[in-house]
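Chemist: next one to model:
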Amino acid sequence: MRRSLRVAVLASACALAGVIAAGTLGARNSALATNSGSLSVSVSAPSVFEGNNFTVAIMQTATVATSGVQADLTFDRTHLQIVSVTQGSAYTGPPASGLVAGVAPQTVSDAVNEANTSTGTFKNASAFYASTGGQPSIPAGTNQAIVITMQAIQGVNFTASIGLANPEMIEATGDSMTVSGTTGGSILIHHEDGDQCLDTKELGPSHATGGQRDPNNPWDFFDVPTPVLLPGHTTGTRSHAVTIADAIAILSYIGTTAANPNTANANGAMYGSDLDADGHQDGQEYDRGTAPNPAMPWAPGPPNGAVQISDAILALNSVGDNCN
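Modeler: Okay, here's the model as predicted:
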């Protein structure tokens, strides 16, 4: 049986009063529902790298004040997973409010697990207001009802759709409302090989814009963390562009080696440190081998275990390349 938003609203209100109640969303004056509303999905970004999180907000638009909303969220579970669910900004303040999901006696966690592992449908996601005194409401207009954090788990330039089904809304008076329509959304999932350049860039025709490279090779775009990573200076990041600053930063690591990862050079740099906590040895980030294809000097080979002046020269071969 589908969990009703009306059940949630009444149950929450009566729980506060110490009473048990039940009903259906349309049980009260459903024939009198003349006002209308709509639900839509708002995705926090147009694209995301696989492994990263983004948010999906269920937005409600209504011509009158409302006190609750409910819908099923549909998604491709082979490419997306739900991480967490919270009430939207419209439902986070007093008076008492609630968030439920699934089919009773499921909890929100149960509904998330079912959607991620089995159905790809987060059922009966419901946000509502309920209190013992007066009838609280969300003002007419567009408001954020539910926020769902999702993770892109796999996909190579794959567009994942996110939809809504079985929408319900309830007016502040307790009457059910006509839901005139729903609008879904989508997000483009990028595969990322570790060099922070999009596949579409690396497959492009010009190395100057990040192209003529292998989208599965994390070493062929020689952009390094700047300012250079040294003890006491750990904020360096990659800019997705190769500049003279990259070549200069490499100089600070000359003399460091994978064979002696914990031996510092005169600048205090060590090949085996991980000052930016990215899971890679710092020395690797400033180290490259000779370009496998001599005709493509802008695409160096993987680290060879020792940072030398030749690494800075390799970086100079691609100064000006930008994959932003």
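Chemist: what residues sit buried inside the longest strand along the chain?
Modeler: Counting residues, the longest strand found in the chain (DSSP state E) is strand 158-171. Applying a neighbour-count criterion of 16 or more other Cβ atoms under 10 Å, one finds 158, 160, 162-164, 167-171 buried in strand 158-171. Using the backbone N, CA and C atoms, a C-beta is placed for each residue, glycine as well.
Chemist: state the mean pLDDT of stretch 44-54.
Modeler: When the per-residue pLDDT values of stretch 44-54 are averaged, the result is 87.
Chemist: change the start of the numbering to 37 and stick with it
Modeler: With 37 as the first residue, the last one maps to stretch 80-90.
Chemist: what's the next secondary structure element after the longest strand of the chain?
Modeler: Note on strand 194-207: by DSSP states H and E, the next helix or strand toward the C-terminus is strand 212-219.
Chemist: quick one, that next one and strand 194-207 angle?
Modeler: 170 degrees (axes from the mean of the first three to the mean of the last three Cα atoms, to 10 degrees).
Chemist: pairing partners for strand 212-219, with directions?
Modeler: Using DSSP bridges, the strands paired with strand 212-219 in its sheet are strand 72-79 (parallel), strand 194-207 (antiparallel).
Chemist: what does the first one rub up against?
Modeler: Read that as strand 72-79. 90-99, 102, 105, 107, 109, 180-181, 198-200, 203, 205, 213-223 (Cβ atoms under 8 Å, 6 or more residues apart in numbering).
Chemist: which residue, other than its chain neighbours, is closest to residue 323?
Modeler: With sequence-adjacent residues excluded and distances taken as Cβ to Cβ, 6 or more residues apart in numbering, residue 323 is closest to residue 339, at 3.9 Å.
Chemist: was I right to think that neighbour contacts residue 294?
Modeler: Yes: proximity of residue 339 to residue 294 meets the contact threshold set by Cβ atoms under 8 Å, at 7.4 Å.
Chemist: okay, and the common contacts of those two?
Modeler: Both residue 339 and residue 294 are in contact with 319-320, 323, where contact means Cβ under 8 Å, 6+ apart.
Chemist: about what we covered before: any chance of JSON lines for the strands paired with strand 212-219, columns distance to residue 275?
Modeler: Formatted as JSON lines, the entries for these read as follows, by distance: least, Cβ to Cβ, whole Å:
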{"stretch": "strand 72-79", "distance to residue 275": "26"}
{"stretch": "strand 194-207", "distance to residue 275": "27"}
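Chemist: quick one: the strands in the stretch 137-286 of the chain?
Modeler: For the stretch 137-286 of the chain, the strands defined by DSSP state E, counting those that start in this stretch occupy 157-165, 177-188, 194-207, 212-219, 221-226.
Chemist: any chance of those in a markdown table, with distance to residue 238 and mean pLDDT too?
Modeler: Written out in a markdown table, the entries for those read as follows (distance: least, Cβ to Cβ, whole Å; pLDDT from 0 to 100):
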| stretch | distance to residue 238 | mean pLDDT |
| --- | --- | --- |
| strand 157-165 | 34 | 92 |
| strand 177-188 | 18 | 95 |
| strand 194-207 | 16 | 93 |
| strand 212-219 | 33 | 91 |
| strand 221-226 | 11 | 88 |
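Chemist: no more questions from me, cheers.
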